[in-house]
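1. Need the 3D shape of this:
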Amino acid sequence: KCIVRPDNQLNLTDAQLKEEITRVLTGDDPNVPRSISKFNYKDRCFKPDPPGQSDHMAVHFASTGCLLHKDSKGYEAQKKREEKCCERKKSSNTEEAGPENGEG
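-> Residues are numbered from 1 along each chain as shown. Next comes the predicted model:
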């Protein structure tokens, strides 16, 4: 086996390696307000809203793909690659078709 260490890896002492660090993961969302009050038109006053099921729901959106700004260097490089690929396909299609005048 060959172990490769990254250049920025810290060199820890044996005591530091044996030290246990406890982390606790909770399902609490820090962005959810703790106390919500809503206006009750029947009683004509604000009342605290009890927490419901929707308080624990978070929606995460993920989409595969890549967005590049058209003025960026990455866009220019990708455009050149696509043009080279299209040129190769065109040249390979003309070579496979052979001469168009019917000699071959």
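
2. May I have the secondary structure class of residue 37?
-> strand (DSSP: H, G, I helix; E, B strand; the rest coil).

3. what number of residues lie near it?
-> Residue 37: 11 surrounding residues under other CB atoms under 10 Å. (Each C-beta comes from the backbone N, C-alpha and C, glycine too.)

4. cool, residue 3 as well?
-> Around residue 3 there are 4 residues (other CB under 10 Å).

5. is it fair to say it lies in a helix?
-> No. In this structure, residue 3 is coil, not part of a helix, as judged by three-state DSSP.

6. Counting by contacts, list what the helix or strand encompassing residue 84 packs against.
-> Counting by DSSP states H and E, the element that carries residue 84 is helix 73-97. Contact here means 3 or more CB pairs under 8 Å, 6 or more residues apart in numbering; DSSP states H and E; on that basis helix 73-97 packs against no helix or strand.

7. what's that helix in contact with?
-> The contact list for helix 73-97 (CB atoms under 8 Å, 6 or more residues apart in numbering) reads 68, 69.

8. buried ones in it?
-> Buried residues in helix 73-97, counted by 16 or more other CB atoms under 10 Å: none are found.

9. next one: that helix to chain centre, how far?
-> 29 Å (CA atoms, centre = their mean, to the nearest Å).

10. Same question for stretch 35-46.
-> Using CA atoms, centre = their mean, the offset of stretch 35-46 from its chain centre is 40 Å.
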